[in-house]
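Enquirer: have a look at this prediction, sequence included:
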Amino acid sequence: MSKRDYYEILGVAKDASEKDIKKAYRRVAMKHHPDRNPDDKTSEDKFKEASEAYEILSDPQKRQAYDQYGHDAVSGNAGAGGFGGGAGNFSDIFGDVFGDIFGGGGGGGRSRGPARGSDLRYNLDVNLEEAVKGTEVKIRIPTLVACNPCDGSGAKKGSSPVTCTTCNGMGQVRMQQGFFSVQQTCPNCRGKGKMISDPCNSCHGQGLVEETKTLSVKVPPGVDTGDRIRLSGEGEAGPDGGPSGDLFVQINVRAHNIFERDGKNLYCEVPISFIDAALGGEMEVPTLDGRVKLKIPAETQTGKLFRLRGKGVTPVRGGSTGDLLCRVTLETPVNLTKHQKELLTQLQASFEKEGNQSPRKNSWFDGVKSFFDDMKI
């Protein structure tokens, strides 16, 4: 019985690329794999047929011979051009094509370089003035750095890592599971492909040692709690000479005795006497740039907000500068003398006589009276 054309079996044209051939074989093999079609002789035969076709067409030399001599190139009837051997090891072919699904590469070798080191985080407390105007501080952090005596190799000076005897330096081992060929990280060298036979005395073969280093951190103006400053490459060193991670400095702005921050605006409370509130006046209030004069109009009520434009914070990401909002609170006098009490009593009597100095108070009591009158109905 004559064999079917290999290109026909995979459903590709004769000028198909290696990528197209591999993709076609993947599709056919997955459809007819025996594990998916138990006790199905037809599917098993089609799977073997596709594997045989892929073995020939995936090899440039075998494919050239097949294109020239046809199936005679496989059976060995083409003289020096023949290869023989038929379909070969189906499981190995299947493992090569589907190895990426199970963690392996095309040829089973390691494709990734040394791993990157871990990132670190440092919590930095700053006061409000430093956060608003910016500052530069020095911090000390414990971290892992490359061992100096062995240059991070982990091997004692004068020696070097040797090829892993389990995986022969590939970093991966292949395990056969029925028709599947599964590749896994080598348990002996953990994917490195190398072993330390004579470890360094300083790092005990790890290639890394703990060290405390001092770094200078520039805190830009306008930062706020929760902002992060990234110091590239200042994290832990990577194993086996891999790149270092990054250090992230987390900003926390401490509470201030006078000001409270809300985004780009600042707030503060300004206590005033009821005399200043009634008659008005001028007083000094603090800002982060120094003292400024604040005019208090006559008959100012407690809780009133006064806005000082441009006396807030310029955001770290840019934008207009915020404002300082001063909230006045009326302070009740304490430790009054007998004479002061007499004067206040006279003032109170004068207020009651005139009857229009406390409009909010009178309005409130009118509302209370109306409430109780309604309750009697």
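Expert: Yes, it's here.
Enquirer: going by C-alpha atoms from here, please, whenever you check contacts or count neighbours.
Expert: Noted.
Enquirer: for the most centrally placed residue in the chain, give its distance to Pro220.
Expert: With distances taken as Cα atoms, centre = their mean, Asp119 lies nearest the centre of the chain, 9.7 Å away. As judged by Cα to Cα, to the nearest Å, Asp119 and Pro220 stand 22 Å apart.
Enquirer: what's the following helix or strand after the helix or strand of the chain with the lowest mean pLDDT?
Expert: Lowest mean confidence among the helices and strands of the chain (mean pLDDT, DSSP states H and E): helix 90-98, at a mean of 45. Once helix 90-98 ends, the next helix or strand along the chain (criterion: DSSP states H and E) is strand 120-126.
Enquirer: after that next one comes which helix or strand?
Expert: Counting by DSSP H and E, what follows strand 120-126 is helix 128-133.
Enquirer: what's that next one in contact with?
Expert: Applying Cα atoms under 8 Å, 6 or more residues apart in numbering, the contact partners of helix 128-133 are 219-224, 253-256, 288, 313-314.
Enquirer: any low-confidence regions in this structure?
Expert: Low-confidence segments of the chain, defined by pLDDT under 70: 1-2, 35, 73-114, 176-182, 355-359, 361-362, 365, 376-377.
Enquirer: now with 50?
Expert: Low-confidence segments of the chain (pLDDT under 50): 76-111.
Enquirer: what strand or helix carries the spatially closest residue to Thr212 that is not a sequence neighbour?
Expert: Of all residues not flanking Thr212 in the chain, Pro142 sits nearest, at 4.2 Å (Cα to Cα, 6 or more residues apart in numbering). Per DSSP H and E, Pro142 falls inside strand 135-146.
Enquirer: which other helices and strands contact that strand?
Expert: Judged by 3 or more Cα pairs under 8 Å, 6 or more residues apart in numbering; DSSP states H and E, strand 135-146 is in contact with strand 208-219.
Enquirer: give the next helix or strand downstream of the strand it packs on.
Expert: Next along from strand 208-219, by DSSP H and E: strand 228-231.
Enquirer: partner strands of that following strand and their direction?
Expert: With DSSP bridges as the test, strand 228-231 is paired with strand 247-253 (antiparallel).
Enquirer: from the chain's centroid, how far away is the helix or strand that the partner strand is followed by?
Expert: Heading C-terminal from strand 247-253, the first helix or strand you meet, by DSSP H and E, is strand 260-262. Computed by Cα atoms, centre = their mean, to the nearest Å, the chain-centroid distance of strand 260-262 equals 28 Å.
Enquirer: with stretch 291-311 instead?
Expert: Using Cα atoms, centre = their mean, the offset of stretch 291-311 from its chain centre is 44 Å.
Enquirer: what do you get for stretch 366-374?
Expert: 61 Å.
Enquirer: over to stretch 124-140?
Expert: So, by Cα atoms, centre = their mean, the centroid of stretch 124-140 is 23 Å from its chain's centroid.
Enquirer: give me the distance between the two termini of it.
Expert: One end of stretch 124-140 sits 11 Å from the other (Cα to Cα).
Enquirer: quick one: buried residues of that stretch?
Expert: 124, 126, 128-134 (16 or more other Cα atoms under 10 Å).
Enquirer: just stretch 61-70 next, same as before
Expert: Neighbour counts over stretch 61-70 (16+ other Cα under 10 Å) mark 62-63, 65-66, 70 as buried.
Enquirer: tell me the one of the residues you listed nearest Pro333?
Expert: Arg63 (102.7 Å; Cα to Cα).
Enquirer: hang on, the closest one packs against Leu57?
Expert: Yes: the pair Arg63 / Leu57 is scored as a contact, 4.7 Å apart, by Cα atoms under 8 Å.
Enquirer: identify the contacts common to those two.
Expert: Contacts common to Arg63 and Leu57, judged by Cα under 8 Å, 6+ apart, are absent.
Enquirer: picking that back up, how about JSON lines for the buried residues of stretch 124-140, with distance to Thr212 added?
Expert: Formatted as JSON lines, these follow (distance: Cα to Cα, whole Å):
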{"residue": "Leu124", "distance to Thr212": "17"}
{"residue": "Val126", "distance to Thr212": "22"}
{"residue": "Leu128", "distance to Thr212": "28"}
{"residue": "Glu129", "distance to Thr212": "29"}
{"residue": "Glu130", "distance to Thr212": "25"}
{"residue": "Ala131", "distance to Thr212": "26"}
{"residue": "Val132", "distance to Thr212": "29"}
{"residue": "Lys133", "distance to Thr212": "29"}
{"residue": "Gly134", "distance to Thr212": "25"}
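Enquirer: closest to Ala155 out of the residues you listed?
Expert: Distances from Ala155 to those, taken by Cα to Cα, are shortest for Leu124, at 37.3 Å.
Enquirer: how much space between that closest one and Glu8?
Expert: On the measure of Cα to Cα, Leu124 and Glu8 end up 68 Å apart.
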